[in-house]
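> Fold the stuff below for me.
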Amino acid sequence: MSQPPVQPIRVGGKSALAQFSCEKCGAKLEYAPGTKVLRCRYCTHENVIPDVVDEAGAELTVRENDFAEALTKLAGVAPMLTVGQIECGACKAVFTPAPNTTATSCPFCGANIVLTQHSATIIKPNAVLPFKLAREQATELYRHWVSSRWFAPTKLKTRALLDATLRGIYIPAWTYDTATTSRYRGERGDAYYVTVGSGNNRRTERRIRWSSTSGVVSNIFDDVLVLGSQSLPVEKAKALEPWDLHGLTPYEDSYLAGFTAESYTIGLADGFEAAKGIMDGIIRATVRRDIGGDEQQISSLNTSYADITFKHILLPIWLSAYRFHEKTYRFLVNARTGEVQGERPYSWIKITLAVLAALAIISIIALVASNK
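Numbers count the residues shown, from 1 in each chain. Down below sits the predicted model:
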């Protein structure tokens, strides 16, 4: 299929999210997952997504932003983007709706909402991880997941398969790079064994000899990932990891065509505080290795962070949110790897029947055994 000449996209300045129309029939183009094209669903015409270049014409790559500088001079340093946003009154998710939409349901909780938009200026994403799985692939995963939930109510299976729709959502995230230096004080425990008691009470006991210790350890962290919102269940969203961040591409509006983009509600500074919590576990493991011995105790730990950089990125998820008996349940698919996570209600009737069946089987086995 012949393609129109591809012009590079130059970045700089403030802009709203672009819209893309088919040159042949005028319909709205959408990003085709797993490709680098925008495709018309009606006439199949395609537009290649151009490379992103700077003002000098050089192709951009995904780069890190200086964290300290961005915090002190955020508006002047980090590229900004002005977008139209709505906030769901039920779950407080903030996202950019499809154009020319006046009423819809929230993609994160399924609540019906009438759109009242406002403009917001946010840090522009550095990069996007484009959708790789198409809707059809995600739908098949969804159907398989629902049908395999034996203890789910039958009505849920019917409703989920017929009524629930999968939506493509880009969720915001921060990644942080930093070098850490950690000074610690603690105790090193070395095990030794003694024999105690006499006669039948004679035994060997393990004991610990403690000695004070201190030191300094260093770590280098790359792409510590923190989600930029709390719209999704934390455990389920975390379980979608790992993300193949090597597939990140410089941000370009074309990748968002046909999808909903959520805005971050966890800011840059708060995101780094969350990243510190993630790094703390690794730092403490490094300290314990440095202390050595059989057991370790850390009494004080002071960590400094240097060469901090960040990226604001968008991650792709296929999401279905449905309401069942006035409660919201969500189904999520990592649109890169196909990892599936979901929530569902339980049918207490089915559980009760299963328990009764198990008790009946146990009773029969016991009766047969007693008659032998």
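
> contacts, neighbours, all on C-alpha from now
Will do.

> Specify the beta-bridge partners of residue 182.
Following DSSP bridges, residue 182 is listed with bridge partners residue 217, residue 303.

> pLDDT score for it?
In this prediction, residue 182 carries a pLDDT score of 96.

> and it, how many neighbours does it have?
By the criterion of other Cα atoms under 10 Å, residue 182 has 18 neighbours.

> the strands in the stretch 201-350 of the chain, which residues?
With DSSP state E, counting those that start in this stretch, the ranges of strands along the stretch 201-350 of the chain come out as 203-227, 249-250, 260-262, 295-324, 327-334, 340-342.

> ok, residue 178 to residue 65 distance?
As judged by Cα to Cα, to the nearest Å, residue 178 and residue 65 stand 12 Å apart.

> joint contacts of the two?
Shared contacts of residue 178 and residue 65 (Cα atoms under 8 Å, 6 or more residues apart in numbering): residue 309.

> need the contact list for residue 169.
Residues near residue 169 by Cα under 8 Å, 6+ apart: 259-262, 316-319.

> what about 6 Å?
Counting by Cα atoms under 6 Å, 6 or more residues apart in numbering, residue 169 makes contact with 259-261, 316-317.

> which one among those gets closest to residue 307?
Set against residue 307, the nearest of these by Cα to Cα is residue 316 (28.6 Å).

> shouldn't the closest one be in contact with residue 170?
Yes - in this structure residue 316 lies within contact range of residue 170 using Cα atoms under 6 Å: 4.6 Å.

> okay, and the common contacts of the two?
Applying Cα under 6 Å, 6+ apart, one finds that no residue jointly contacts residue 316 and residue 170.

> quick one: contacts of stretch 200-208?
Applying Cα under 6 Å, 6+ apart, the external contacts of stretch 200-208 come out as 189-196.

> 10 Å - rerun?
188-197, 293-295 (Cα atoms under 10 Å, 6 or more residues apart in numbering).

> Dump the residues you listed to JSON lines, plus distance to residue 242.
What follows is these, written out as JSON lines (distance: Cα to Cα, whole Å):
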{"residue": "188", "distance to residue 242": "35"}
{"residue": "189", "distance to residue 242": "36"}
{"residue": "190", "distance to residue 242": "37"}
{"residue": "191", "distance to residue 242": "38"}
{"residue": "192", "distance to residue 242": "42"}
{"residue": "193", "distance to residue 242": "43"}
{"residue": "194", "distance to residue 242": "47"}
{"residue": "195", "distance to residue 242": "49"}
{"residue": "196", "distance to residue 242": "51"}
{"residue": "197", "distance to residue 242": "53"}
{"residue": "293", "distance to residue 242": "33"}
{"residue": "294", "distance to residue 242": "32"}
{"residue": "295", "distance to residue 242": "31"}
